[in-house]
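Peer 1: The following comprises the amino acid sequence and a computationally predicted model.
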Amino acid sequence: MELLFVMVIGASIGGILRYLLPGRDTYGILLLPAIGSAVSGAVWAALTWVGLTFDGGWIWVASLAAGTIASVLVALWLPKARERGDAALYERLSRP
């Protein structure tokens, strides 16, 4: 049950970050929530396999921090990569 909670919180953090970080017009509305949810859930599962219990505070901090960091990194990297890709495609398509 806690895995569901951490994934919903991770998605919520990703959704909030979408509106706090620049460049949101270059990616879809569900990208950051999906990344936040997936990374938070994966880290949670890995930490439970390692032996951390669900009632400990560090598993929550680590899982949600990992989801937040992954969402921020994608939100900062993707607009620049998208602009480079769009410029290269425009250049290729505009040649006769």
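Peer 2: The structure has been received and is ready for your questions. Residues are numbered from 1 along each chain as shown.
Peer 1: CA atoms for contacts and neighbours, from now on please.
Peer 2: Fine.
Peer 1: Now residue 8: closest residue in space that isn't a chain neighbour?
Peer 2: The spatial neighbour of residue 8 that comes closest, neighbours along the chain excluded (CA to CA, 6 or more residues apart in numbering), is residue 37 at 6.5 Å.
Peer 1: oh, I was asking about residue 34
Peer 2: residue 11 (6.1 Å).
Peer 1: Next: residue 39.
Peer 2: That would be residue 67: by CA to CA, 6+ apart, it lies 5.0 Å from residue 39.
Peer 1: cool, and residue 65?
Peer 2: residue 40 (7.9 Å).
Peer 1: tell me the contacts of the one you found?
Peer 2: 6-7, 10, 63-67 (CA atoms under 8 Å, 6 or more residues apart in numbering).
Peer 1: Let's see which of the residues you listed end up in helices.
Peer 2: If you go by DSSP state H, the contacts of residue 40 have 6-7, 10, 63-67 in helices.
Peer 1: Where does the prediction get shaky in this protein?
Peer 2: Within the chain, no stretch has pLDDT under 70.
Peer 1: all helices of it, in order?
Peer 2: Using DSSP H, helices in the chain cover 2-20, 31-50, 57-94.
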